[in-house]
Structures are given as structure tokens and as C-alpha cells.
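In: Build me a structure from this.
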Amino acid sequence: MDVSDELFQGATPSALLTLDGVIRSLNAAMAMALGRPKEQCVGRGFGDLLSEDQRVPAGSLLAHGATANRLAMRVLEFPGTSTASVVCLVEARPVTDPSSGERLVWVHSLDARHDLGGLLIPFQLAAKAAGLGLFMCSTGERQMEWLGGAPALAALFPQESVSLSTVIRRVHPDDRKDVRRLVRSSAAQSPWIRSRFLAERLGWRVLAGQARRIQLGYGGPERVFGVVRDDTHSEAHRQEMLAQVSVERERADGITAFSSALFTAATEQELQQVVLARLASVVGGSGALLALVDDGRLRVSSDAGIPTWEADALHGLSLDEDRPLPCVIRTGQAQFFRNHEELTRRWPHVDRLPLAGPDSGTSLSITPLSPADDRPLGAWVVTYDSEHPPSAEKLAFMTALADLAGQALRRIRLQQAHVELSTTLQQSMLPTLPEHLPGLEITARYQPSRDGLDIGGDWYDAFFLPDGAVALEIGDVQGHDVDAAVFMGQVRSSMRAIAAHEPGPGTVLTRTNELLVAMDAPRFASCTMLHVDPQDGQVTGASAGHVPLLHARDDGSHTVRTLPGGPVLGIVPGTEYPEETFGLEEGTALVMVTDGVVEGPGLTLEGGLERVGALAGRALKERLGAEATADRILDAVAAVDHLDDVAVLVVRRT
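Out: The predicted structure is shown next:
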């Protein structure tokens, strides 16, 4: 009798394997457990026919079972042929084929009907290690049995066994349909389903659950098993981030509307209406006043936040008057007054400026519409219901908006092209790079497209991280219009906010993608982000559908480095962006570009990367710094008649 005939007499799954795990023979029950016909199993690795998470325990079982005079047992999960996988207690022991003398390993399922709970132990340990809870549902008995897992989750279900109806009653009414579908699932594995659950003494929690069908032992009963995860804190964090993005988006929408309205204003009256209708709300003020220069005198108007008589008192004032408003217009230097006392201290004889008495708790800013070296155009005044000055960023933003209004006024008066206005908006959104970085030299260049509105979504950014490293970003938003530029600002602001708490490039891209998908953003963006340690030159990077990096060296050579990553941001939910870490040696540089730098009419991506890499390598070999390297690259772009926006970011380790 063949050795397999003797060992396969039982009805439970059984197989003979070589010492390296290849199936020599098996019975019909084992083929059914593996979910394949017998002829497709023979000659295959036993572990290869199991799910990926079962291969390590299966390999350990076979290694122990192959040892002479030893046997080993382990719970393994088989694919099965139905919607349920099969969990069996499997024994492995060494045997010898009497006809050939070959040493084999006999694996077979043991009868575990007397202790079905023992089959659950691996699942309980895995759930606990993953911070998950584990439950089992018997739909026939309409009961849910808590099986353990993370102790924190056990507090949500103080009873080990509870009726499904009791559980459903604790679920938010809007989520009950999804939970019922979860526990009644007939699929091998359900998607994750999130629901709100009212826990005893803990209040409402946000739980995520996933169910799967498992057969306990060969020929044993089927059960629905589920894992549950407490997403309360992560959901709160997500909602907080969404709220921040919503505020930023609302502000950006206001800026977009304000900028667009300035852009479409065809007369000075329309410009005046835009400023007085929108300015105070966009910058968080309580009132606004606009003063334009006509023949050396001020023409003043105000919104409802400033009394008409105060505007009338300033109307017709000479530009040569020694008073705050004409002085700001003449010098092109903005001024902020914390309160009435500060105003009278700096201008003792002032009596014509919209600021109430010393106890009013108000402040004001005066911002010129043109810089000092330009023809005086006017200024606007914004009052605030607080004595606390706006942040430096807001005041700088106010200056950018005022400059934008000044550009609009010039266009109206001189019939300038619309391109000039949009370019000013784009430049106002470009960041200021950090200076005086020990060990690093960073510079950037941006050039708008030569078609359309000269405005687009290419961006770069560089800023310090809490751990002392420097974050570098470069990206490209779909489109070439004002909306693309504003969306670019939203993406850049979101990435800065996320990086302040979770600085890893892969994590920042993952969280930004989640936010954009949750916002149902109408556009997408590609991006590369780097985390650079100035001390040791360690660089960690990730990419979201962006063009590769260029690594240039001072011997003139260069390499193209394609970072790991995923698709562009804002399209595919649940995307995780992996990272790569490498070193940036002294004297070498990384060149980050947008596709307009390396692609164009008659220029392929590979050819463009090779050309830019060669330019950067030659610049470093000639001992040029980051500034000169970036200029060479931008000059080369102009020479090939580029049509797209272009951005270049160079970081060189000194």
C-alpha cells in the first residue's frame, strides 16, 4: 500500500509535502480546503496556495513538522471554495515513504469540534496586536458574542454576549441600515463600514467595522466574524482638519471673488463698489474706506461700517497735507494704529481720520494702493473691533491685495492688459523661502505661461519643520486660471498645516489627498515633497504623480531619481504614499521642477530631464551656487519656447 493511501483514509483535509513544502499528493478534502482542483495543487508550494498572512505560520508549522520524531500543531486559515474561509487545527509530522525511503511531511486537519474556541485564539491575538476588537455573529441565533482584542474596545461592549437588536438600538438611526448589512453580509469579506455608536458611560463613539465569513473546522459551522476599530479620535481630528480647510477655503473663496471682481471691474465706480462691498469681510475688519487721488486731492468713499461724515471730512483733502492718510499715499508705507491714543501720539493734531474715542476698543490700518517709487494712486483704510494688531501674514496679505487693487486702477485708467492683474495675484501667492540655513542653500524660480491669463497652478514651498528639518515642496495644479492659482494656495496651505503635526512626506501627501477627496475638490494636483535634515543631509521624499527629481553632483554628473509614491492628489480615496530616504552629499544639489521645465513641443520628458540634469551638473562643476544654477535652468526653458507654467526649486548642500 502506498504511504498516501494509508494516511489519506480519514475524511479531513490531508496532504503529503516534501521537506521544502511542495505538495506531493493530497486528498479531496484538502483540495477543497485550498479552493482548487487536486491537479492544480500537486507540485505547488503549500504556503503559496494560502493567503499572504498565512504563509509565515504555515512555513513555521512545516519547519517544525519536518524535524525527526517531532510533531507540530497550528491553526491555519484555508481559502475554501465558498464565500467562507476554513479555519482548521493542522498537525504536521515527519513520515517516510517505504517504497522510496524519501522523507516527507504529513499535514492533516485535526478534529477540533470539542474545542472550537481554540480555533479563535490566533484571531484574538491578531486583533489585540492591531488595536482592534473581535466579535462573532450567529445570524440564526441573532446574537453577537464579544471575543476580545484591544482592552480599550472591550469597554464599549461590557457584556460578552448580547442580542443583535440591542446592539442595533445603540447605533445612530442613520447608520443602522449599514450595520445590519455588515452583520448579515454573505460576502467573504465586507468593506469597512463606519457608524456612530452610543456606548455606556462613554457617549457617542465613531466605530468602523469589517465582517467576514469563517467556517470553524472542516465541515464545521459558519459564523460571521468582525473586527471593530474606534475611530472617534481620528474622526474628530479629520473633522477638525476639514473645518480648518473649510475656513481656509471660505477665505480663499472670498479672496477669489474679491480678486475676480477687481479683475472684471471696468470703471473706477465698479472698482469702488468691489472694495467697499468686499474688503472688510475678506480681511476681518468692521469697516472700510477708499481714498483715490484725483489731481492731487483725495476722493473718498466708505462702506456702512464708517460714518458718512467721517468720509466727508476726508474728501477733498490735499495730497500734500501733513496727515496720516495723505502721508501713507505719498510714501507708499502702510501704517497701523492700535487705538486712538496711539493715533494722537503719533499725529497730535489729527482730527480727520475714522477712529472713535480712546475707549472704543478699535484700531485701524492704512494701506497704500501703490509703492513708494510709483505714482500715488490712493489708499484704503480698514477699521477693526479690537486693539490687537493683525498678524504679520495678514498685514502682508493686505498689502498684496492693495497692490492688486492698484494694478486694477492702473488698468482702468491706462487700459492695461488683464495679464498684468493676474500676474500680480500669482506673485502675491508665492512663498518667501527661508534664509540663512546652515549647511543648505535653497532658491526657487517661477515663470508663468505665455498663453492665457499668465496665471496657473505651479507652486513651490520651503519651510522649517518642528524637528529642525526643512520641508521642500513643488507641485502643479490642473489648469491655468485664477481658480487654479487659488486651489494651489489651498493645497499649499493644507500641506503646511499637516506638516506642522505630521512632518513625514508620505503622511503629508496621504492626509492632503484625504482632505481633497473629502472636499470633493474640482481639480487635482501633482506634488513632490522632501524632508531634508541640514545636519547630516538625510533626505526623505515621496511623490504624488509628479516628475522625477534630479540629483546633480560637483563632478558634473547627474542622476534621475524617481521617488516612490502614488497618483495625483484629490482623485483616489484611501491612497497611501510610501517614502524613500537617501543622502545628499556636500557639494551636490537636488533639482525639483514642474513638467513645463522638462516637457514641451518637440521635447520629451526623458530628453528634458537629461537636459536639465546636465545643466545642473555643469553649474555645480563650475562651483556655481543654487541661484546661478536655477537661472541657467530657467534660461534654457525660455530657449525651447515653453507654453506651460514653470517652477524650479534647487537645494544645494554646502
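
In: alpha carbons only for contacts and neighbour counts from here, please
Out: OK.

In: Could you confirm Ala208 falls within a strand?
Out: Yes - counting by DSSP: H, G, I helix; E, B strand; the rest coil, Ala208 falls inside a strand.

In: Pretty sure it sits against Gly226.
Out: No - applying CA atoms under 8 Å, one finds Ala208 not in contact with Gly226, separated by 10.3 Å.

In: surely Leu325 meets Ile366?
Out: Yes - Leu325 lies in contact with Ile366 (CA under 8 Å); the separation is 7.0 Å.

In: immediately after the helix or strand where Gly254 lies, which helix or strand?
Out: Element membership for Gly254, per DSSP states H and E: helix 232-264. Tracing the chain C-terminally past helix 232-264 and defining elements by DSSP H and E, one meets helix 268-283 next.

In: Run a quick neighbour tally on Ile23.
Out: By the measure other CA atoms under 10 Å, the count of residues near Ile23 is 21.

In: Beta-bridge partners for it, please?
Out: Leu17 (DSSP bridges).

In: check contacts around it.
Out: Ala15, Leu16, Leu17, Cys41, Val42, Gly43, Arg44, Gly45, Phe46 (CA atoms under 8 Å, 6 or more residues apart in numbering).

In: State the distance from the last one to Pro94.
Out: This means Phe46. 16 Å (CA to CA, to the nearest Å).

In: mind listing the strands for the stretch 101-250 of the chain?
Out: Along the stretch 101-250 of the chain, counting by DSSP state E, counting those that start in this stretch, strands occupy 103-110, 133-138, 143-149, 161-163, 193-199, 203-216, 222-230.

In: list the contacts for the residue lying closest to Gly285 once chain neighbours are set aside?
Out: In space, and not counting its chain neighbours, Gly285 is closest to Tyr384: 4.7 Å by CA to CA, 6 or more residues apart in numbering. With contact taken as CA under 8 Å, 6+ apart, Tyr384 is in contact with Gly284, Gly285, Ser286, Gly287, Thr362, Ser363, Leu364.

In: Buried among those residues? Need that as a selection in PyMOL.
Out: Applying 16 or more other CA atoms under 10 Å to those leaves a buried subset, and the PyMOL line that selects it is:
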select buried, resi 285+286+287+362+363+364
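
In: and of the contacts of Tyr384, the nearest to Ser391?
Out: Gly284 (11.6 Å; CA to CA).

In: so what's Met30 closest to, chain neighbours aside?
Out: Met30 sits nearest to Pro13 (CA to CA, 6+ apart), 3.9 Å away.

In: for Leu590, same thing?
Out: Nearest one to Leu590, counting by CA to CA, 6+ apart, is His551 at 4.7 Å.

In: quick one on the thing from earlier: shared neighbours, Leu325 and Ile366?
Out: Common neighbours of Leu325 and Ile366 (CA under 8 Å, 6+ apart) are Ala379.

In: Would you mind giving the contacts of Tyr384 as CSV with pLDDT and distance to Ala84 added?
Out: Shown next, in CSV, are those (pLDDT from 0 to 100; distance: CA to CA, whole Å):
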residue, pLDDT, distance to Ala84
Gly284, 82, 60
Gly285, 87, 63
Ser286, 88, 65
Gly287, 90, 68
Thr362, 81, 70
Ser363, 85, 70
Leu364, 86, 70
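
In: So which of the contacts of Tyr384 sit within helices?
Out: Among these, DSSP state H puts none in helices.

In: In CSV: the contacts of Tyr384, plus distance to Val612.
Out: Shown next, in CSV, are those (distance: CA to CA, whole Å):
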residue, distance to Val612
Gly284, 45
Gly285, 47
Ser286, 51
Gly287, 51
Thr362, 54
Ser363, 52
Leu364, 49
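
In: Tell me the one of the contacts of Tyr384 nearest Ser318?
Out: Nearest member of the contacts of Tyr384 to Ser318, counting by CA to CA, is Leu364, at 21.1 Å.

In: Which of the contacts of Ile23 sits closest to Gly457?
Out: Using CA to CA, these come closest to Gly457 at Gly45, 52.1 Å.

In: Could you double-check that the closest one sits in contact with Leu19?
Out: No - the pair Gly45 / Leu19 is not scored as a contact, 10.8 Å apart, by CA under 8 Å.

In: Inside strands: which ones of the contacts of Ile23?
Out: In this view, these that belong to strands under DSSP state E are Ala15, Leu16, Leu17.

In: got CSV for these, with distance to Leu563, neighbour count and pLDDT too?
Out: Listed next are the ones in strands among the contacts of Ile23 as CSV, based on distance: CA to CA, whole Å; neighbours: other CA atoms under 10 Å; pLDDT from 0 to 100:
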residue, distance to Leu563, neighbour count, pLDDT
Ala15, 45, 24, 92
Leu16, 45, 28, 92
Leu17, 42, 27, 92
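
In: What is the nearest of the residues you listed to Ser391?
Out: Of these, the one sitting nearest to Ser391 (CA to CA) turns out to be Leu17, at 72.6 Å.

In: That closest one touches Arg24, doesn't it?
Out: Yes - counting by CA under 8 Å, Leu17 touches Arg24, with 5.2 Å between them.

In: Shouldn't Arg496 be within a helix?
Out: Yes - assigned with three-state DSSP, Arg496 falls within a helix.

In: what's the first-to-last distance across stretch 176-190?
Out: 16 Å.

In: Tell me if Ala485 really is in a helix.
Out: Yes - assessed with three-state DSSP, Ala485 lies in a helix.

In: Which pLDDT does the model give the nearest residue to it once chain neighbours are set aside?
Out: In this structure, Ala485 finds its nearest non-sequential neighbour in Gly457, 4.7 Å apart by CA to CA, 6+ apart. Here the pLDDT value assigned to Gly457 is 74.

In: okay, now Gly457: neighbour count?
Out: Gly457: 24 neighbours (other CA under 10 Å).

In: residues touching it, list them.
Out: Counting by CA under 8 Å, 6+ apart, Gly457 makes contact with 475-481, 484-488, 645.

In: Please apply the same query to Phe524.
Out: Val477, Gln478, Val568, Leu569, Gly570, Ile571.

In: How about it: what's its closest non-neighbour residue?
Out: According to CA to CA, 6+ apart, the nearest residue to Phe524 is Gly570 (5.2 Å).

In: and the next element down the chain from the lowest-mean-pLDDT helix or strand in the chain?
Out: Here the helix or strand of the chain ranked lowest by mean pLDDT, DSSP states H and E is helix 418-429, holding a mean of 52. Scanning forward in sequence from helix 418-429 by DSSP H and E, the next helix or strand is strand 440-447.

In: Centre of the chain to that next one, how far?
Out: 23 Å (CA atoms, centre = their mean, to the nearest Å).

In: May I have the beta-bridge partners of the closest residue to Gly284 other than its chain neighbours?
Out: Of all residues not flanking Gly284 in the chain, Tyr384 sits nearest, at 7.5 Å (CA to CA, 6+ apart). Judged by DSSP bridges, the bridge partners of Tyr384 are Ser363.

In: quick one: the strands in the stretch 301-450 of the chain?
Out: Going by DSSP E, counting those that start in this stretch, the stretch 301-450 of the chain shows strands at 335-337, 363-368, 378-384, 440-447.

In: between those strands, which gets nearest to Leu624?
Out: strand 440-447 (11.4 Å).
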